[in-house]
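>>> next comes the sequence, and after it the predicted model I'd like to discuss.
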Number of protein chains: 2
Amino acid sequence: MTSLTEENYLKAIYTLINAVDKKASTNEIAKKMETKASSVTDMLKRLNEKGLVDYEKYKTVQITEKGKQVAISIIRKHRLWEYFLVENLNFGWDEVHDIAEQLEHIESIELTNKLDEFLGFPKFDPHGDPIPNSKGVFPSRESKKLSDAKIDSEIVIIGVEDHSTNFLNFLSEMNIELGTELSIKTKHSFDNSILVVNSENQKITLSQKVANNLFIKIKHEN
Amino acid sequence: MTSLTEENYLKAIYTLINAVDKKASTNEIAKKMETKASSVTDMLKRLNEKGLVDYEKYKTVQITEKGKQVAISIIRKHRLWEYFLVENLNFGWDEVHDIAEQLEHIESIELTNKLDEFLGFPKFDPHGDPIPNSKGVFPSRESKKLSDAKIDSEIVIIGVEDHSTNFLNFLSEMNIELGTELSIKTKHSFDNSILVVNSENQKITLSQKVANNLFIKIKHEN
DNA sequence: TAAATTTTTTAGACTCATCTAAATTTAATA
DNA sequence: TATTAAATTTAGATGAGTCTAAAAAATTTA
Ligand SMILES: [Mn+2]
Ligand SMILES: [Mn+2]
Ligand SMILES: [Mn+2]
Ligand SMILES: [Mn+2]
């Protein structure tokens, strides 16, 4: 039995460990969980006791296979529910995260799998994040960023790195969503911003920060 | 803010008060909540403090308008989710209650209303229980029991009083579900059992206990 | 390497929700 | 009405999860 709180800690630890150049230190976990470092220490002891993490004091924590499976299962549910909310209930992609934060803790393997089937076994959620299957395996995908795209190439937006409502709203204003096709026109070397053109011939200038937060698939490299 | 636990207590108190010949005594609440009377007393103090119930010690509790609205909102969510699970995810009507017990606590009025819309604003859940609308109003319905049906009348099963998996399984074995049409043939006075015939000419004998747990609509009274 | 700073852990306290055992009040019965 | 029984509340304890303040360890800087 894992409590709602334990599940949230495991998810945070898992994503911290799997992010580049980040480690699951007490402070990092506290920041992600919006709690205090002392609370994290308490929880790490408990998770260690339950065999969900390997923890020795003053050393950075490692997640066990058991803990990893819990984390992946929570991520699977989160992303499936987000997909449901956007595709079936007509929510915007910027409105679903908080609701999915609640739904991801509903405990019923049968429910998760039937939901997956009902949705048609989607591989990616509304933000382009991969959805692990019922065995916990993530679909693979080349993950290039818009900032890596070459001039004159044609690309499709397939995901976002930053999931904040702020960023998603900004993209909507720029007429960018998942599936949007863009041609790369110019890269300005003085600020690394990129000029792109969409299928309706609109010119859009995107800052390096924005380009760094967009995952793409390359259609053509001229 | 109402916690998950408070919501469950309010739902229990509400249904106890609205059931015939039952009052929301400490012991009754404890029985329904599968907890101890002393825990109930603690919770009643807290709910009273929050203005969700009117409670004075040693007197039976009353629910306030505020508490009633919370309870109805939980019931609304419970029944909408049950409907979704049966209609969209292909669960059986005997499998959905426990999952709905979890889903009913998801907090998002927008989600509830969008789910309602997605489902086509259903009026009754898979067990025939009325679903309150977004304003908390229950659809009305004549609620006759099968045990009240007259000989030679034709009726439709529209609901169950007993929601236990046991009873629902039994009904499935008897080929009875919501919408099943039956003709009342004989009432045996010595044990009050009823002989009915379904649309496929199957003869089914139902005990008084069963007949007392089935809500019906009358189609014909010959 | 020693001092200063940052990170992490511990100690102790708090809330929510629960329990058992005992005390109190209410209801039933003789 | 007095006694007994049942229902209810109080007292005190526990566990999960959190916090602040202080101590201890690790890291950085001089
Ligand atoms: Mn999300
Ligand atoms: Mn997502
Ligand atoms: Mn139910
Ligand atoms: Mn129901």
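Okay, I see it. This one's a predicted model, so the numbers in the text were calculated from it and none came from an experiment. Ligands and ions are numbered 1, 2, ... in the order given.
>>> make it CA atoms for all contacts and neighbour counts henceforth
Noted.
>>> am I right that A:E154 is in contact with A:E221?
Yes. Counting by Cα atoms under 8 Å, A:E221 is a contact partner of A:E154 at 6.5 Å.
>>> can you pull the pLDDT of A:E142?
In this model, A:E142 is scored at 77, pLDDT.
>>> remind me, longest helix of chain A?
Selection of the longest helix in chain A by residue count, based on DSSP state H, yields helix A:65-87.
>>> hmm, that helix in reach of DNA strand D?
No. Judged by Cα under 7 Å from any atom of the strand, helix A:65-87 stays clear of DNA strand D, getting no closer than 14.4 Å.
>>> excluding chain neighbours, what is closest to the residue nearest the centre of chain A?
With distances taken as Cα atoms, centre = their mean, A:D129 lies nearest the centre of chain A, 5.0 Å away. Excluding the flanking residues, the one nearest A:D129 by Cα to Cα, 6 or more residues apart in numbering or on different chains is A:G159, at 6.5 Å.
>>> can you map out the strands along chain A?
All strands of chain A, identified by DSSP state E, fall at A:53-54, A:62-63, A:144-145, A:153-160, A:181-188, A:193-198, A:203-206, A:214-221.
>>> let's have these in a markdown table, adding mean neighbour count.
As requested, the strands of chain A are exported to a markdown table (neighbours: other Cα atoms under 10 Å in any protein chain shown):
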| stretch | mean neighbour count |
| --- | --- |
| strand A:53-54 | 20 |
| strand A:62-63 | 20 |
| strand A:144-145 | 18 |
| strand A:153-160 | 22 |
| strand A:181-188 | 20 |
| strand A:193-198 | 19 |
| strand A:203-206 | 17 |
| strand A:214-221 | 19 |
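>>> out of the ones you listed, nearest to B:H163?
The minimum distance between B:H163 and the strands of chain A falls on strand A:53-54, with 41.0 Å, by Cα to Cα.
>>> which residues sit against the closest one?
Strand A:53-54 is contacted by residues A:44, A:47-48, A:61-64, A:67 when judged by Cα atoms under 8 Å, 6 or more residues apart in numbering or on different chains.
>>> quick check: A:I29 touching A:A12?
Yes. In this structure A:I29 lies within contact range of A:A12 using Cα under 8 Å: 6.6 Å.
>>> ok so, going back, confidence score at the residue nearest to A:D129?
With respect to pLDDT, A:G159 has a value of 93.
>>> which residues does it contact?
If a contact means Cα under 8 Å, 6+ apart, then A:G159 has A:127-129, A:178, A:214-216 as its contacts.
>>> for these, give me a markdown table that also has distance to B:L168.
A markdown table is the format used below for these (distance: Cα to Cα, whole Å):
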| residue | distance to B:L168 |
| --- | --- |
| A:H127 | 41 |
| A:G128 | 42 |
| A:D129 | 40 |
| A:L178 | 45 |
| A:L214 | 51 |
| A:F215 | 50 |
| A:I216 | 51 |
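>>> and the contacts of strand A:53-54, which are buried?
Neighbour counting by 16 or more other Cα atoms under 10 Å in any protein chain shown classes A:44, A:47-48, A:61-64, A:67 among those as buried.
>>> so how far is A:I72 from A:Y14?
8 Å (Cα to Cα, to the nearest Å).
>>> A:N88 now?
Distance from A:N88 to A:I72, by Cα to Cα: 24 Å.
>>> picking up where we left off before, tell me how far the residue nearest to the centre of chain A lies from A:R141.
10 Å.
>>> which one is A:K22 nearest to, not counting chain neighbours?
Counting by Cα to Cα, 6+ apart, A:L16 is the residue found nearest to A:K22 once chain neighbours are left out, at 6.0 Å.
>>> which residues touch the one you found?
A:L16 makes contacts with A:22-24, A:28-29, as judged by Cα under 8 Å, 6+ apart.
>>> that older thread, what's the closest of the contacts of A:G159 to chain B?
The closest of those to chain B turns out to be A:H127 (Cα to the nearest Cα; 19.1 Å).
>>> ok, that closest one - contacts?
A:H127 is in contact with A:93, A:158-160, A:163, A:178, counting by Cα under 8 Å, 6+ apart.
>>> next one: phi and psi at it?
phi -100, psi 10 (degrees, to the nearest 10).
>>> and it, what's its pLDDT?
96.
>>> how about A:S189?
pLDDT for A:S189: 86.
>>> number of nearby residues for it?
Neighbour count of A:S189, defined by other Cα atoms under 10 Å in any protein chain shown: 8.
>>> can you check A:P130 too?
That count, for A:P130 with other Cα under 10 Å as the rule, works out to 21.
>>> that one and chain B, how far apart?
The gap separating A:P130 from chain B is 22 Å, by Cα to the nearest Cα, to the nearest Å.
>>> next one: A:M1
Distance from A:M1 to chain B, by Cα to the nearest Cα: 15 Å.
>>> how much space is there between A:E154 and A:L178?
Distance of A:E154 to A:L178, computed by Cα to Cα: 15 Å.
>>> let me fix that: A:F138
To A:L178, A:F138 is 19 Å away according to Cα to Cα.
>>> where do the helices sit along chain A?
Counting by DSSP H, chain A has helices at residues A:4-18, A:26-33, A:37-49, A:65-87, A:97-103, A:109-119, A:165-173, A:208-212.
>>> can I get the first one in PDB, CA atoms only?
Once side chains and other backbone atoms are set aside, the C-alpha atoms of helix A:4-18 remain, and they are given as PDB (Å, rounded to 0.1, in the frame of the first residue of the first chain):
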ATOM      1  CA  LEU A   4      -1.200   9.500  -1.900                       C
ATOM      2  CA  THR A   5       1.700  11.400  -0.400                       C
ATOM      3  CA  GLU A   6       4.100   8.600  -0.900                       C
ATOM      4  CA  GLU A   7       3.100   8.300  -4.500                       C
ATOM      5  CA  ASN A   8       3.700  12.000  -5.000                       C
ATOM      6  CA  TYR A   9       7.200  11.800  -3.500                       C
ATOM      7  CA  LEU A  10       8.100   8.700  -5.600                       C
ATOM      8  CA  LYS A  11       6.900  10.500  -8.800                       C
ATOM      9  CA  ALA A  12       9.000  13.600  -7.800                       C
ATOM     10  CA  ILE A  13      12.100  11.500  -7.100                       C
ATOM     11  CA  TYR A  14      11.700   9.400 -10.300                       C
ATOM     12  CA  THR A  15      11.400  12.500 -12.500                       C
ATOM     13  CA  LEU A  16      14.300  14.200 -10.800                       C
ATOM     14  CA  ILE A  17      16.600  11.200 -11.300                       C
ATOM     15  CA  ASN A  18      15.500  10.900 -14.900                       C
END
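>>> in that helix, what counts as buried?
Applying 16+ other Cα under 10 Å to helix A:4-18 flags A:6-17 as buried.
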